[in-house]
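Visitor: okay, here's the prediction I keep looking at, along with the sequence it came from:
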Protein chains: 2
Amino acid sequence: MLGSISSIKKAYLAGFLDADGSIYVRAKPNLTYKYGYQIALYIVFFQSVKDKDKFIKICGLSGVGKTRERKDGIVEFIINKIDEVKQFLKIITPFLILKKEQAELMIKIIKRKEKISSKKDFQKLLDLIDGYRDLNYSKKRIKRTLTP
Amino acid sequence: MLGSISSIKKAYLAGFLDADGSIYVRAKPNLTYKYGYQIALYIVFFQSVKDKDKFIKICGLSGVGKTRERKDGIVEFIINKIDEVKQFLKIITPFLILKKEQAELMIKIIKRKEKISSKKDFQKLLDLIDGYRDLNYSKKRIKRTLTP
């Protein structure tokens, strides 16, 4: 499991994530959830299917996540269970350079998500997620507000 | 310089190169060269200009190569001096996974290039380079033969 992987492997995965991975979070409107949003967060790596076997070996280093082959010739490695994202970021973040800020904010988002006990808490979480979007894409910020 | 960088940094750079870098060699027809070809070889990394400062920091880890900002919003890091490519590959290759074979073949190409003393030697070098193209792109092989 993740805790026991060597610093060499962690540094390798950090380089891989910095170069071509994504750390992503989204609040998806979904009325079946208590506060009207589903929080989807994940880490994803991509490679061409021609390197599939070696790529699966790399993904396996982390001991979390799963790979799937898409129809367009891309193999995707995705970590989307919140505990696994948290574990992965906890050990990889110290070695990140390009995506360190995103990773730190994502850890903060996960911690806040774990402590939600009111609508006000949830609004703060949405604000953090909006902040994350700014960091990741520098796109026009979409301000989400819970309807009262 | 390269010899003194830590294994952690080497592993990070290997992950970065595996995810998004290129190791490239080409025999360019050029009659001003003794055997009619210029051998161009390089390692290159790319990132969006929005991460320029951090990216330059990463490139600086290696102590070789140079960065330049392109007009299309991409910052390119290139190592194209043969001695620097050789040095870089020598220390990074043990940590590579996806591009290990390319790196090993490139080292072989460089060593063969250093020992050329006849047209026959040069033909062998061209054959190795053709083999490299196969490995890298799985494209239709262009068989180059020196005119007698």
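Guide: Structure received.
Visitor: identify the residues contacting the helix or strand that contains A:Ile58?
Guide: A:Ile58 is part of helix A:52-61, with elements assigned from DSSP states H and E. The contact list for helix A:52-61 (Cβ atoms under 8 Å, 6 or more residues apart in numbering or on different chains) reads A:5, A:9, A:12-13, A:16, A:45, A:47, A:65, A:67, A:69, A:75, A:77, B:18, B:97-98. In this view, the C-beta of every residue, glycine as well, is placed from N, C-alpha and C.
Visitor: each with direction, which strands does the helix or strand following that helix pair with?
Guide: Once the chain leaves helix A:52-61, the next helix or strand it forms, by DSSP H and E, is strand A:66-69. Take DSSP bridges as the rule and strand A:66-69 pairs in its sheet with strand A:74-79 (antiparallel).
Visitor: what part of chain A, helix or strand, is modelled with the least confidence?
Guide: In chain A, no helix or strand scores lower on mean pLDDT, DSSP states H and E than helix A:119-137, which sits at a mean of 86.
Visitor: where's that one relative to the chain centroid, distance-wise?
Guide: 14 Å (Cα atoms, centre = their mean, to the nearest Å).
Visitor: just checking, what packs against it?
Guide: In terms of contact count using 3 or more Cβ pairs under 8 Å, 6 or more residues apart in numbering or on different chains; DSSP states H and E, helix A:119-137 is assigned the packing partners strand A:22-29, strand A:37-48, helix A:100-114.
Visitor: quick one: low-confidence residue ranges for chain A.
Guide: Where chain A drops to pLDDT under 70, the residues are A:1-3, A:136-148.
Visitor: against B:Val75, how distant is the residue in chain A that chain B sits nearest to?
Guide: Per Cβ to the nearest Cβ, A:Gly15 is where chain A lies closest to chain B, at 2.7 Å. Distance, A:Gly15 to B:Val75, using Cβ to Cβ, to the nearest Å: 17 Å.
Visitor: which of the two has more neighbours?
Guide: Using other Cβ atoms under 10 Å in any protein chain shown as the criterion, A:Gly15 and B:Val75 rank with A:Gly15 on top: 32 against 20.
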